[in-house]
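Visitor: here's a sequence, model it:
(chains A and B)
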Amino acid sequence: MDGPLKELFSLIPMYERMFDIDDSLKELFSNIPLFKGENQDRVIAHLMECPIATYAPGEFILKNGEFDENCCVLLVGRANVHLAGGVDHIEEDKVITEGEFFGEIAALSGLPRTADIKAADHCAVMQIPKDKMFEVLDEFPMVRSRIEDTYRRRILSNQLRKVPIFADLADSDLDVIKDKATINVFRKGEIIFKQGDRADAFYLILFGFVKVSTSKGRGAKTLAYLKGEQHFGEVALLKENGIRTATVTAINRTHLIKISRDDFVTFMSGRKDLRGALAEISKKREAIAQRMAGDMHLSDTLEATIEAGIIHTRSTHMLDITKCVQCGACVESCAKLHDGVSRLVRKGVRLNGFLMAVTSCRHCDDPACMYECPTGAIARDPSGEIYQKSFCIGCGMCVKSCPYNSLTLVEVHPAKKAGIFSKLLTRITSGRESDWVEVPVSEANFTLEPKGRLKKSGKKVVRCDMCDSYDFLGCVYNCPTGAMAMVNPSEYFSDLIPNE
Amino acid sequence: MAIKRSAESKATALSAKWPLVFFVLLIVSFLVHAGVRIWGSLFMVEWARIGYGALASVIMLILTSYSLRKIVFTRKMGSMEGWRKTHLYLGLFCVALIFMHTNFKVYGNFGLLMIILFSLVILSGMMGELMYKTIPVWLSKQGSDAMELDEKLKKPGEYLTTADEIAEKATNEFKVFYGQSIRSLFAKRIFPPKYLFMSQSDVIASRKKLFNHLASQGPPKDRMALSSLEALYAERDKVQFKYARLQVMRIWSNAHVPATAALLTAMLAHIWAVSYY
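Guide: Predicted structure coming up:
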């Protein structure tokens, strides 16, 4: 071995020992504080096949905002943690050293990475896949308690600073909150508190979305929708009677930091500036609530976007029905771009009379289809896009689990080697080279099938892949009137989100 | 608010810019043409006319290529919306060029034919654009959309089934009356075109008249069943009324293409004739 690789490995003195023999492995794992005190043979048996990646100095090990559910252990080298928005700012205590683990927040919560982690030296990182990590947690209680403690400590350190009202607090003040706070996870549709309840806590949203609503008589009215880094529950705590003025419900799986009433009141008692800031926010919230209460259109639109599960998705097709002339170009182009099967159905949920959230994959932050897939054929790329792997068996579990009916089960046919004419035709019509053409089952020559193709005719799930093999979105690009758009709902409906 | 602004911008079809652009283009072309005739030499006037015609022919060929774009979905050739807008504005520019080419006059029978064909193409295009702007807005204001109408029209038998269900719950006497006088109304084939020539008030008046007549004949006890049937019939009417207008928009867009084909043929004949003589 010569060249840059040799140079890299020479800087990683443990590398050779790592892959040497069992004794070396045992020594390596015994030096990892996370696994100390556990049966090393069992730990090695579990983690033997975990991939190990190497990184050059300055290279990203993890990127903030990306979806990747591995828990990592730094075997060799040092890495720097950069919290969101502060890549140039490295604090001494945010350095990860050999034997430390990281990435447990995304692995445990299934949510995007919360910080950038960059290699400071040449690094070797063991990547423990989420499933493997849960196996380890189940077998080794000490590992579980270490990971969960670290998860709580880190998530509070990382996220509390992102909350505007806590951004300027001194570290000692934040430590007080960290000690008192608990992390609670709410399921989709679960009520966090009800209007009229006695206020018992203050909440900060770590991840997820909540809906704030009030009820008068039989009807309920949606007043606001809050997302990560926003807080709620302070209005009642600041008032003397301490009664909740609204009901708060989790829109999807929501992680909250909860600070009990007594701890909150004690913490706030000596901090007039913070109290003032919260009172100011409460005032603005009340004004927003009044505006929503007086504007049926606004309130109904907000309600519709929440009910249809649109507002908390990463992207959705939005059809302006006042512009749509029903030419069918969107569906036709989708079919042409995806082997004759359109992934777009021009039906959906009507919002406010002239917008329609069209039925197509919304690439949810909390994808039920991915969790339900028995074969792991549904995955999420770092940008959050959900995609289908080639080994989908067409069982239809994801179709049933999708709350928005966005997935379609279609018949697929085996392929045969394309002739010159077929190749030319494909090139002319789609501009793509393909050595394979799909044929009816009766004509299929199965021995010609490439690796990864289905051996026989069967069902397969199709979903919107955002035209990932093209540099344009077929349905949007081919709409003659500009009625179809792909939008990020939280940006598109930003007017519906209270601005504090 | 973004979505409110979006709705307001589509409030009227008259907010479209192209009629104004067309008007300005006509005036500018007339002034340019008059200027060339007054201040230019005879030679210049003649060559300018040929130039306008040649440019108009080239533009007409470019305009035709929109049809090709409409069938090529898989290549990056510019957005379809961009193509449509370019098609619209180039078409309007072409009108100005043709007027300049003909000296704002009609020469002979062939010239008349060309102008008629050209007017057909332009008017069908303008009408289509106007429909594109108005009918989807009108439908959405009615709380409806084309997808929903298509779905309803696909299952016309559902109205008859619902009517049967309503009648089933009524008295035996009403069931007989329903079978004799009302069922046939729902069993009739759905035929939206006739609604094209009726206003909304005409439709309501006609239905009221029909059901008043039925009420005067039917058993007095089952007024509730009759009014439920009337409501169902009203829904059926509404669907047909809206669908008729939607179909006009769909059919109209097809009228533009044969007229264009005829115009292109006539244009080629004109170019050949001019070159020959």
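Visitor: what about the residue in chain A positioned nearest to chain B, which helix or strand?
Guide: Closest contact between chain A and chain B, by CB to the nearest CB, is at residue A:333 (3.5 Å). In short, each C-beta sits where N, CA and C put it, glycine included. Using DSSP states H and E, residue A:333 sits in helix A:329-337.
Visitor: packing partners of that helix?
Guide: In this structure, helix A:329-337 packs against strand A:345-351, helix A:420-430, helix A:474-477, with contacts taken as 3 or more CB pairs under 8 Å, 6 or more residues apart in numbering or on different chains; DSSP states H and E.
Visitor: go again using 6 Å as the cut-off
Guide: helix A:474-477 (3 or more CB pairs under 6 Å, 6 or more residues apart in numbering or on different chains; DSSP states H and E).
Visitor: what sits up against the helix it packs on?
Guide: A:330, A:333-334, A:337, A:344, A:467, A:484, A:486, B:79 (CB atoms under 6 Å, 6 or more residues apart in numbering or on different chains).
Visitor: do the helix or strand that that helix is followed by and chain B come into contact?
Guide: Tracing the chain past helix A:474-477, the next element assigned as helix or strand by DSSP H and E is strand A:484-487. No - in terms of CB under 6 Å from any CB of the partner chain, no part of strand A:484-487 sits within range of chain B; the closest distance is 9.6 Å.
Visitor: what's the average pLDDT for strand A:484-487?
Guide: Mean pLDDT, strand A:484-487: 88.
Visitor: pull the CA atoms of the helix ranked longest in chain A into CSV?
Guide: Ranked by number of residues, the top helix in chain A under DSSP state H is helix A:272-294. Below are the C-alpha coordinates for helix A:272-294, written out as CSV (Å, rounded to 0.1, in the frame of the first residue of the first chain):
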residue,chain,number,x,y,z
LYS,A,272,-37.3,40.0,35.5
ASP,A,273,-36.0,40.3,31.9
LEU,A,274,-37.0,36.8,31.0
ARG,A,275,-40.4,37.3,32.6
GLY,A,276,-40.8,40.5,30.6
ALA,A,277,-39.8,38.7,27.3
LEU,A,278,-42.3,35.9,28.0
ALA,A,279,-45.0,38.4,28.8
GLU,A,280,-44.3,40.2,25.5
ILE,A,281,-44.6,36.9,23.6
SER,A,282,-47.8,36.1,25.4
LYS,A,283,-49.2,39.4,24.4
LYS,A,284,-48.3,38.8,20.8
ARG,A,285,-49.8,35.3,21.0
GLU,A,286,-53.0,36.7,22.3
ALA,A,287,-53.2,39.2,19.4
ILE,A,288,-52.6,36.4,16.9
ALA,A,289,-55.3,34.3,18.6
GLN,A,290,-57.7,37.2,18.3
ARG,A,291,-56.8,37.6,14.7
MET,A,292,-57.4,34.0,14.0
ALA,A,293,-60.6,34.0,16.0
GLY,A,294,-61.9,36.9,13.9
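Visitor: which strands and helices lie in contact with that helix?
Guide: Under the contact rule (3+ CB pairs under 6 Å, 6+ apart), helix A:272-294 is packed against no helix or strand.
Visitor: how about the next helix-or-strand element following it: buried residues?
Guide: Once the chain leaves helix A:272-294, the next helix or strand it forms, by DSSP H and E, is helix A:296-307. Buried residues in helix A:296-307, counting neighbours by 16 or more other CB atoms under 10 Å in any protein chain shown, are found at A:298-299, A:301-306.
Visitor: turn those residues into TSV, columns for distance to residue A:80 and pLDDT.
Guide: Formatted as TSV, the buried residues of helix A:296-307 follow (distance: CB to CB, whole Å; pLDDT from 0 to 100):
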residue	distance to residue A:80	pLDDT
A:298	45	73
A:299	46	73
A:301	44	76
A:302	41	76
A:303	44	78
A:304	45	79
A:305	39	80
A:306	39	78
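Visitor: how close does residue A:470 get to residue A:334?
Guide: 11 Å (CB to CB, to the nearest Å).
Visitor: repeat for residue B:90
Guide: From residue B:90 to residue A:334 the distance is 28 Å (CB to CB).
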